[in-house]
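Student: Sequence and predicted structure, then a few things I'm wondering about:
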Amino acid sequence: MKLLVLGGTGVISRAIVAEALARQHEVAVFNRGSKNHLFSGEVECIVGDKANREQFREVMKDRQFDAVIDMISFDAKDAQSTVETFQGRTGQIIVCSSTAAYKRPFRTVPTSEDAEQLVEDAAFPYAFHKAEMERYLQQVIEAGELPVTIIRPSLTYGIGAANLGVLRQNYNIVHRIRSRKPLVMFGDGTIPWSFSFAPDVAKAFVGAAGNERMYGQHYHATNEDIHVWQDLYLELGKLLGIEPELVHISSSMLKEANPDLFAHLYYEKSYSGLFDNSKLKLDLPGYQASISLSSGLAMMLEWYEREGHSVDESKDRLEDRLTAFYTDACSQLKGLF
């Protein structure tokens, strides 16, 4: 098939391109061009800015693709631009949404797509705008304008990721474990969670292309291994041979202190992160997320050692202050008794 990936250089996008090439598809990517050195000559790189909607339509006006995989739509207007641009020029649009778009608390655990509602509260903008995007796409599906498939990953890690950890500290977690410095964990660290990795999630996006059973449908694409949040740090500690020291601060307190950095913990990750993939497995036979937490983190550690090992000094200092705050708060609590 002839596939176009809108984006292509993000964590999941890169894995989608690799998976599509492995399946012998013809692949093009559309993005601003700053990271297209990641691709070999097998990938056609189309440079442009999707936010410039007129330019986007002009660049694509004479192009035809069997399927378009949209990884860079974050609200209804973004999705509308994709639909209008490729109306009559593609057989299918596959759109990346997010499990963040669900209203909390969930009605089902593990969470089932057809039992849940989309969030209507704009307090967590990322989730609200993804939900608004899905509501628009549902209208497109109901109108029968063209085949649309919606895929909802959960938190996903992979090569190039900048979202690992409570503070999204990334390599800093390795640095702090090796330095025997404590790490902040939100809540008690016992929220159930399934940690996903990009190569697994990519199989769902590429498998959806041209799959008529998946037209007009929405799916989870996540790992289903059951862990709790603190396992993320404990497993990394095992790989490093050092048991990490964790301190615990409530997600609501962290969110009040810095909403930009910690809102995702309070609104999304304070609830179970276990998602049912039965619907995807039914319509995409053979799909299985097979990368375990340990092997996925080993992949991340190898990447860090190879090229991603810069310490974010400002976040390191912030984590020092947060862990010191925790120690002081515990001392003050003891003084009350």
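Tutor: Great, that's in hand. Numbering: from 1, shown residues only.

Student: and the nearest residue to residue 218 once chain neighbours are set aside, which of the three is it?
Tutor: Nearest residue to residue 218, sequence neighbours excluded (C-beta to C-beta, 6 or more residues apart in numbering): residue 150, at 3.9 Å. To be clear about C-beta, it is placed using only N, CA and C from the backbone, and glycine gets the same treatment. In three-state terms, and counting by DSSP: H, G, I helix; E, B strand; the rest coil, residue 150 is strand.

Student: Count the neighbours of residue 29 for me.
Tutor: Look at residue 29: counted by other C-beta atoms under 10 Å, it has 27 neighbours.

Student: per-residue pLDDT, it?
Tutor: Note on residue 29: pLDDT of 96.

Student: Pull out the buried residues from stretch 141-152.
Tutor: 141, 146-152 (16 or more other C-beta atoms under 10 Å).

Student: Tell me where the chain has strands.
Tutor: Remark: strands assigned in the chain by DSSP state E are 2-6, 26-31, 43-47, 67-70, 93-96, 148-153, 156-157, 183-186, 192-193, 196-197, 218-221, 227-228, 246-249.

Student: and residue 260, which of these is closest to it?
Tutor: Nearest of these to residue 260, taken as C-beta to C-beta: strand 183-186 at 15.4 Å.

Student: Quick check: which ranges of the stretch 151-300 of the chain have low pLDDT?
Tutor: Counting by pLDDT under 70, not a single residue of the stretch 151-300 of the chain qualifies.

Student: Helices of the stretch 1-150 of the chain, start to end?
Tutor: Ranges of helices in the stretch 1-150 of the chain, per DSSP state H, counting those that start in this stretch, are 11-22, 53-60, 76-86, 125-143.

Student: Please export the C-alpha coordinates of the second one as PDB.
Tutor: Looking back up the chat, that one is helix 53-60. Output of helix 53-60 as PDB, limited to C-alpha atoms (Å, rounded to 0.1, in the frame of the first residue of the first chain):
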ATOM      1  CA  ARG A  53      -3.800  24.800   6.500                       C
ATOM      2  CA  GLU A  54      -3.700  26.500   3.100                       C
ATOM      3  CA  GLN A  55      -0.100  25.400   2.500                       C
ATOM      4  CA  PHE A  56      -1.000  21.900   3.600                       C
ATOM      5  CA  ARG A  57      -3.900  21.600   1.200                       C
ATOM      6  CA  GLU A  58      -1.800  23.100  -1.600                       C
ATOM      7  CA  VAL A  59       1.100  20.600  -1.100                       C
ATOM      8  CA  MET A  60      -1.300  17.600  -1.000                       C
END
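
Student: pLDDT (mean, whole number) over that helix?
Tutor: 95.

Student: That one to strand 26-31, inter-axis angle?
Tutor: 160 degrees (axes from the mean of the first three to the mean of the last three C-alpha atoms, to 10 degrees).

Student: Done for today, thanks.
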